[in-house]
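Undergrad: Got a predicted structure plus its sequence, pasted below:
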There are 2 protein chains.
Amino acid sequence: MRIALLGGTGDIGEGLAIRWARDTSHTVHIGSRDPEKGKEKAAEYRSELTDRGFEVEITGSGNETAAAAADVVVVSVPPQYAADTVASVAESLEKGDIVVSPAVAMDRDKSGFHYDRPEGGSIAEVIARATPEAIPVVGAFQNLAAGALTDLDNELDYHVVVTGDDPEARVDIKELSEEIDGIDALIGGPLANSGEIEAITPLLINLAMNNDGLHDLGVKFQ
Amino acid sequence: MRIALLGGTGDIGEGLAIRWARDTSHTVHIGSRDPEKGKEKAAEYRSELTDRGFEVEITGSGNETAAAAADVVVVSVPPQYAADTVASVAESLEKGDIVVSPAVAMDRDKSGFHYDRPEGGSIAEVIARATPEAIPVVGAFQNLAAGALTDLDNELDYHVVVTGDDPEARVDIKELSEEIDGIDALIGGPLANSGEIEAITPLLINLAMNNDGLHDLGVKFQ
């Protein structure tokens, strides 16, 4: 499988990129608005993994080139840019591709972080409206802490919840999630169920802020 | 400590009542709008625990009598009755008491269950507005499945997240939670952070509906 991380130069993009590169044989494409930055970051991730003795395939480019090269396109950009980013690569998407939404919109006040529910119900649904109709959109990875992923010495033990209106695409992304060591994935139902998953992320930050010794929290359902 | 479960004749009230009665030496008071029903249910819980060889103290009464007898008053009624229920017992609350909100408002559509966020931000905050100002309100227990609690053969392994604006009351309820075998509690910060915790409950139901073999799910943060 070929995976593109649009905005793959950011923390969560980096975390998913290096985990997939290390734990699977899929090719990983780092996209950025600035193609040079995409190439630089791809080289940086490659070199981190090479230093650890892993032979990996990570390329970098502009977002559009990355999307064109991939079957799975992860929109790992800040939530306010998610719809524009997916619209900007729409012509590079082909039947059979899957768009993945890991983004969460949050705001902060004196109490802590709060879920900033978008008008469409969730960022996953906002992305779906910006995506060509033939291309399924799947919500996933919202509750993984970038810090937990990017530290490759850190052993993961988390659940990912996968939502989407296309059952096959949902299962594809469930399996792709579970190829990362330490990740188990659960099906959350249709894309309309994404908001409750996105809303866990500000809670995870609040828990880290209010409990000594906890950081980069994730979630398990049992 | 003396614990009242208003609406303690319902599933979640029953679950908390029999767990506290079994695992601690606190007295448990079952409140109901109908005092006779409160008494009947208290007798039922007592007899279940006696059958299992536990000597427990559970009494039943109207909600007001239960609240008057207790230091910790858990508003375990359906969310639409939460504010009225706490208002109906306001005169029985004394300085030093703590009101606890385990309720969650949900609705359901063809996709699954969704968090029905109250105008105040959360049911915990709705309850706080109906509670005399001197009495701290704490959110807790929202993500525990009644089925998991009421089956005493079931070993628990869940987190409870405790929110509230009074740090001492929050710690009291954290400790009271952790006296139930298999429960660990985390501090979630001020009461304004309760919405993201309440929103997990519909997700837990969606996960049980969409994944074979899962039911009565709870959550762990790690």
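TA: That came through fine.

Undergrad: Please make it C-alpha for all contacts and neighbour counts, starting now.
TA: OK.

Undergrad: Mean confidence (pLDDT) on stretch A:105-118, please.
TA: When pLDDT is averaged along stretch A:105-118, the result is 97.

Undergrad: how much distance is there from it to the middle of the chain?
TA: Computed by CA atoms, centre = their mean, to the nearest Å, the separation of stretch A:105-118 from the middle of its chain amounts to 20 Å.

Undergrad: Wait, residue A:135 touches residue A:96, no?
TA: Yes. Taking contact to mean CA atoms under 8 Å, the distance of 7.0 Å between residue A:135 and residue A:96 places them in contact.

Undergrad: Of those two, give the one with the bigger neighbour count.
TA: residue A:135 (18 against 11; other CA atoms under 10 Å in any protein chain shown).

Undergrad: For the most far-flung residue of chain A relative to its centre, list the residues it contacts.
TA: Most distant residue from the mean C-alpha position of chain A: residue A:110, 28.2 Å away (CA atoms, centre = their mean). With contact taken as CA atoms under 8 Å, 6 or more residues apart in numbering or on different chains, residue A:110 is in contact with no other residue.

Undergrad: Next, the contact list for the spatially most central residue of chain A, please.
TA: Nearest to the mean C-alpha position of chain A, by CA atoms, centre = their mean, lies residue A:102 at 4.0 Å. Applying CA under 8 Å, 6+ apart to residue A:102 gives the contacts A:74-76, A:124, A:139-142.

Undergrad: And for it, nearest residue in space, chain neighbours not counted?
TA: For residue A:102, the nearest residue in space outside its immediate sequence neighbours is residue A:142; the separation is 4.5 Å by CA to CA, 6 or more residues apart in numbering or on different chains.

Undergrad: cool, and residue A:152?
TA: Using CA to CA, 6+ apart, the nearest residue to residue A:152 is residue A:19, at 7.7 Å.

Undergrad: Give me the longest helix you can find in chain A.
TA: When chain A is scanned for its longest helix (criterion: DSSP state H), the result is helix A:35-51.

Undergrad: Run through the helices of chain A in chain order.
TA: A:11-23, A:35-51, A:63-69, A:79-88, A:123-130, A:146-150, A:167-178, A:194-198, A:200-210.

Undergrad: can I get those helices in CSV with mean neighbour count?
TA: Rendered in CSV, the data for those read as follows (neighbours: other CA atoms under 10 Å in any protein chain shown):
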stretch, mean neighbour count
helix A:11-23, 22
helix A:35-51, 18
helix A:63-69, 24
helix A:79-88, 19
helix A:123-130, 23
helix A:146-150, 19
helix A:167-178, 19
helix A:194-198, 27
helix A:200-210, 22
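
Undergrad: nearest to residue B:206, of these?
TA: Proximity to residue B:206, assessed across these by CA to CA, is greatest for helix A:194-198 (10.0 Å).

Undergrad: ok, residues contacting the closest one?
TA: Everything outside helix A:194-198 that qualifies as a contact, by CA under 8 Å, 6+ apart, is A:103-105, A:115, A:117, A:121-125, A:139, A:142-143, A:161, A:163, A:188, B:114-115, B:199-200, B:202-203.

Undergrad: Could I have the buried ones of these as PyMOL selection syntax?
TA: To isolate the buried subset of these in PyMOL, counting by 16 or more other CA atoms under 10 Å in any protein chain shown, use the following:
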select buried, (chain A and resi 103+104+105+115+117+121+122+123+124+125+139+142+143+161+163+188) or (chain B and resi 114+115+199+200+202+203)
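
Undergrad: Residue B:197 versus residue A:159, what's the distance?
TA: If you measure residue A:159 against residue B:197 using CA to CA, to the nearest Å, the figure is 17 Å.

Undergrad: any idea of the pLDDT on the residue nearest to residue A:102?
TA: The predicted structure lists residue A:142 with a pLDDT of 98.

Undergrad: check contacts around it.
TA: Shown in contact with residue A:142 (CA under 8 Å, 6+ apart): A:101-104, A:160, A:197-198, A:201.
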